[in-house]
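*Asks:* Mind looking at a prediction? Sequence and model below.
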Amino acid sequence: MTESTHFSTVEKCVLLGSAIPSTDSCELGTQLVNGDYEAALQSATARAVFGTDLTQDTSISGLEVPSPFDPQFSASDIGPLVTTLIKQLISEQGHSLWSQITFIGAACLQAFVETNWTGPELRLDPAALLPKPLAERWRKALDQTLIKLMEVDGEEAYELTPRPLYLYLARLLLVDIPAEYGQERDKVIPSAQWWAARTLLIQQSILDYPAQKSADEGTPVPESDADDDKWKSVADRELWARFLLELGVVYSQHSMPIDSKRYITLAQAASGLHWKMSGAKGKRTRFQQFDVTQLVLLAQSTRSVDGAHKKLPEAMDLNDDVLLENIKFSDAMDEAKMQGDLNVLDKCILLAFCLNVQNENPAHGLTSEQMMPFVTRVLQNPTNWSVYTMGLLLRSRLESNQTRTVQRATLQMQQLVDQITHPLPNTEEAGAAERLHYLFALSMPNQWTLERELATMFMELGVIRSALDIFERLQMWDDVIYCYALLGQSEVAEQIVHREMKEHPDSPKLWCVLGDFEKNPEHWHHAWEISGQRYARAMRSLGAYHFERSEYAECVECYEKAVYLNPMSERSWYMLGCAAMKQGNWPTAAKAFLHVVSIDENNGESWNNLASVYLQMGDEYRIRALRVLGMATKFLNESWQVWSNLLHVSLSMGMLPLAIQALGKIIDLRVAQMGAECVDLDALRRIISLQTRGAVFQGLSDAEAESKRKRLNMLTERLLVKQIEARITSSAPVWRAMADYWFWRRDFSHCLDCYIKAYRCLSQLPQVAYAPPVFKDAVAAALDLVSMYENLGSKTQVVRPICADWKHKSKMLLRGLIGKCKESFEGTPEYARLTEALSELRQA
């Protein structure tokens, strides 16, 4: 959609699912709005486009493939046939026919989505759209061929996808149109680009793994602004909000939360939705005696709220003896504010924000607590079938990890699966039009993905047999093998795989499954060859096999082939980077990790690895390494290893504020488990010496040096006093290092105190009386302390001497150490140094 995009009234109504005015009558458009896809696909134009009524006497000029009546005609020839028929119709009736062709393509897409996403399955067999000889000749073989044609970037489509011909025809009419007609088509019906993007999104959704090509083609970038005057009318702003929301959903499904949040926020502005997180006093459990603050979402629509709809999915009750069904708020006014109805599109926007919270944060309890208010707000006033279904699905996902709600989550998921697989809806249930009305603005999974989620829930509950039945019916062999492994029946899984391979000997997926089961690289090589070197999973599995055996050169070669086919595979790029690092191939490793963070910016491990690679590539890459480590700490804030890397890189570049921050963070993370060992002593000494020797102030003017000195003093003192001295009291080297800093700051009282504590850390150890290394350290610390007493004791600080009785204290500590160690160390050089120092003090 660009500034020059101007949709007709019919296009807007079809996209929004609203009634077409009588002044703009369009039969195909009305059929699309009403969900009557069967009638649209059996219209005269559709029959002409698909060649439904072709006979052997019909002349098809320009056909470069065999005639559909020729036995040599194959499923792959459907595309050239339809393209030729479209060219012929356009030459006869003009470019205005593109509107009807686009609506027919949209009907094909909607029929496919209805079959595989929302149900019920369309009664019209898509093969009936083709010339009659083909419809009679092809049955199951047609679906298998078309599923292979749906492959993108070496990623296969789900092999049991029902009625793939609908999607294939939609792609022919909306995406793969002849290049010479593209501009003319877009002038006649600009919304065709939108339908084409939806088609690519649906194709991406049926692939086993996401593909880069579909992602790139299916995410158009808008050039208009949400506040542009062009979108001021109510209908246009709703259309603009819908487009932005769908774009945000696409980015969300591709795990790109930053871009997703950007477009969802723009959609919110265009729609006029106002929402915020807040807190309200209430009770969550039946036996709660007092109200506590509950996280709630307050939302209000500025546009009109939709009316009542037909029968909605059944919401399961919690029926728990502790938890309440809903939060019981203490203030009735607060409750009233949170229960006002919302516009349906605004509910979609809230669900999109909910999923964005999940994409931006790791999976833990706090994330669930942040997501649940969105879901609760959407479920309060159900109006649309697909929006309510998505809300129930998200609630089931969130509740599946909690003991008291997992039963409701599983039953709800079962109910959602059943309503989609129901053969035909009752007259009271929502029809196709309502079910598909907002589907592209939601991240709703397809039917088999939903069933897989249900099976996964069964597995988490320990109901392995029920999960196994679902996986076997869906032919998800990886999960079947895992279930049998849990049941201790791996040999049964192997028999099933061999049985399937007898029926499908040329299936690269089955060969990969067998390779994964037997850990036999020959099976992956065979899968790669029979796929024509196009099956990326074979190289991914083979690469993982070589990585486990430290065969990094072979591993790099395999993953390079995999990412060449599908550059969107984040895991493949990550493993390629790790293998290249092990191999010492730094340029390849850097390229790989850069790809990972471009796919998923939240991948902190890849940021950290990328920094490590830059450090190996020479001094000119150090500044890059520092910036990359900053990103790594953003996403791995609790990893002390990442902060340690940042500490050493910043020290090597003389960036003391960053080094001080990093060392402080390491201490915060590790002090509870490691004690004094959490302090990187070399780094602490380096931080102090760079200041005491003036290295960090060289080349600066007096004013600049003074300003920097004040800032470093503040940061260093906070590190030493609040983070080290307050927590670590048993490390003599740490106290000794800090003493140097306080001496440089001329805080002699603090400096002397550090020397005293350093000596006590050693003199109070039991080993000082019998262990020579400890005794030697204690002697050195004692003599250093005596020296500091002599040098600093008589100095005045705040009028008084720092230590007026320094001679007495020096004698006392020397006598104490001599008496403690005389029996074991009398006659040693260290013991002699102690007695000599005590004699000098007596004579002074």
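*Replies:* Looks like it arrived, so ask away.
*Asks:* could you say which helix or strand contains residue 540?
*Replies:* Per DSSP states H and E, residue 540 falls inside helix 536-548.
*Asks:* And that helix, what does it pack against?
*Replies:* With contacts defined as 3 or more Cβ pairs under 8 Å, 6 or more residues apart in numbering; DSSP states H and E, helix 536-548 has these neighbours: helix 508-518, helix 521-530, helix 552-565, helix 570-583. For glycine as for every other residue, the C-beta is placed from the backbone atoms N, C-alpha and C.
*Asks:* So which bits of that helix are buried?
*Replies:* By neighbour count on 16 or more other Cβ atoms under 10 Å, the buried set for helix 536-548 is 536-547.
*Asks:* the bottom helix or strand of the protein by mean pLDDT?
*Replies:* Within the chain, no helix or strand scores below helix 332-337, which has a mean of 59 by mean pLDDT, DSSP states H and E.
*Asks:* And the average pLDDT for stretch 741-754 is what?
*Replies:* What stretch 741-754 shows for mean pLDDT is 91.
*Asks:* After the least confident helix or strand of the chain, which helix or strand is next?
*Replies:* By DSSP H and E, the next helix or strand past helix 332-337 is helix 344-360.
*Asks:* Mind giving me the packing neighbours of the longest strand seen in the chain?
*Replies:* Counting residues, the longest strand found in the chain (DSSP state E) is strand 274-285. Contacts defined by 3+ Cβ pairs under 8 Å, 6+ apart place strand 274-285 against strand 292-300, strand 323-329, helix 332-337.
*Asks:* Go ahead and produce CSV holding the CA coordinates of that strand.
*Replies:* This file holds the C-alpha atoms of strand 274-285, laid out as CSV (Å, rounded to 0.1, in the frame of the first residue of the first chain):
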residue,chain,number,x,y,z
HIS,A,274,-6.6,3.5,24.3
TRP,A,275,-5.2,1.0,26.8
LYS,A,276,-2.9,0.9,29.8
MET,A,277,-1.8,-1.6,32.4
SER,A,278,-2.9,-0.7,35.9
GLY,A,279,-3.6,-2.3,39.3
ALA,A,280,-6.8,-2.8,41.2
LYS,A,281,-7.5,-4.2,44.6
GLY,A,282,-9.2,-7.6,44.6
LYS,A,283,-9.2,-11.3,45.6
ARG,A,284,-8.0,-14.2,43.4
THR,A,285,-8.7,-17.1,45.7
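*Asks:* List of residues touching it?
*Replies:* 268, 291-300, 302, 322-324, 327-331, 334-335, 338, 350, 353, 373 (Cβ atoms under 8 Å, 6 or more residues apart in numbering).
*Asks:* what about 6 Å?
*Replies:* Strand 274-285 has contacts (Cβ atoms under 6 Å, 6 or more residues apart in numbering) with 291, 293-294, 296-300, 322-323, 327-330, 334.
*Asks:* closest to residue 603 among those?
*Replies:* Set against residue 603, the nearest of these by Cβ to Cβ is residue 297 (28.9 Å).
*Asks:* Check the separation of the first and last residues in stretch 129-142.
*Replies:* Taking Cα to Cα, to the nearest Å, the first and last residues of stretch 129-142 lie 13 Å apart.
*Asks:* Could you check that stretch and say which residues are buried?
*Replies:* 129-135, 138, 142.
*Asks:* Then stretch 478-490?
*Replies:* By neighbour count on 16+ other Cβ under 10 Å, the buried set for stretch 478-490 is 479-484.
*Asks:* cool, and stretch 795-814?
*Replies:* In stretch 795-814, counting by 16+ other Cβ under 10 Å, buried: 802-803, 806-807, 809-811, 813-814.
*Asks:* ditto for stretch 373-391
*Replies:* So for stretch 373-391, counting by 16+ other Cβ under 10 Å, buried means 373-380, 382-391.
*Asks:* Just those residues: which are in helices?
*Replies:* 373-379, 385-391 (DSSP state H).
*Asks:* biggest separation within those residues, which pair?
*Replies:* 373 and 385 (22.6 Å).
*Asks:* For this protein, give me the ranges with low pLDDT.
*Replies:* 1-5, 139-140, 218-235, 307-310, 332-339, 359-366, 422-428, 798-799, 844 (pLDDT under 70).
*Asks:* picking that back up, could you tell me which of the contacts of strand 274-285 count as buried?
*Replies:* Looks like these have 294, 296-299, 323, 327, 329, 334 buried, using 16+ other Cβ under 10 Å.
*Asks:* what's the farthest-apart pair in those residues?
*Replies:* The most distant members of those, if one measures by Cβ to Cβ, are 299 and 323, lying 23.9 Å apart.
*Asks:* Mind listing what's buried along the helix or strand containing residue 84?
*Replies:* Assigned by DSSP H and E, residue 84 belongs to helix 78-93. Buried residues in helix 78-93, defined by neighbour count with 16+ other Cβ under 10 Å: 78-79, 81-90.
*Asks:* tell me which strands and helices the helix or strand following it is in contact with?
*Replies:* Using DSSP H and E, the helix or strand that directly follows helix 78-93 along the chain is helix 98-113. Using 3 or more Cβ pairs under 6 Å, 6 or more residues apart in numbering; DSSP states H and E as the contact test, the elements touching helix 98-113 are helix 27-33, helix 37-41, helix 164-174, helix 182-188, helix 191-205.
*Asks:* so after helix 98-113, what's the next helix or strand?
*Replies:* Going down the chain from helix 98-113, the next helix or strand is helix 132-137, by DSSP H and E.
*Asks:* Not counting the helix or strand that comes right after that following helix itself, show me its contacts.
*Replies:* Per DSSP H and E, the first helix or strand lying C-terminal to helix 132-137 is helix 140-149. The contact list for helix 140-149 (Cβ under 6 Å, 6+ apart) reads 75, 157, 159, 161, 164-165, 168.
*Asks:* what's the straight distance from one end of stretch 289-304 to the other?
*Replies:* Terminal residues of stretch 289-304 are spaced 40 Å apart (Cα to Cα).
*Asks:* now that stretch, how far from the centre of its chain.
*Replies:* Centre-to-centre, stretch 289-304 and its host chain are 27 Å apart (Cα atoms, centre = their mean, to the nearest Å).
*Asks:* what's in contact with it?
*Replies:* 272-283, 327, 330, 338, 342-343, 346, 373-374, 377.
*Asks:* Can you select the buried ones from those in ChimeraX?
*Replies:* Remark: buried members of those, expressed as a ChimeraX selection using 16+ other Cβ under 10 Å:
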select :272,273,275,280,282,283,327,338,342,343,346,373,374,377
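*Asks:* This completes my enquiry, with thanks.
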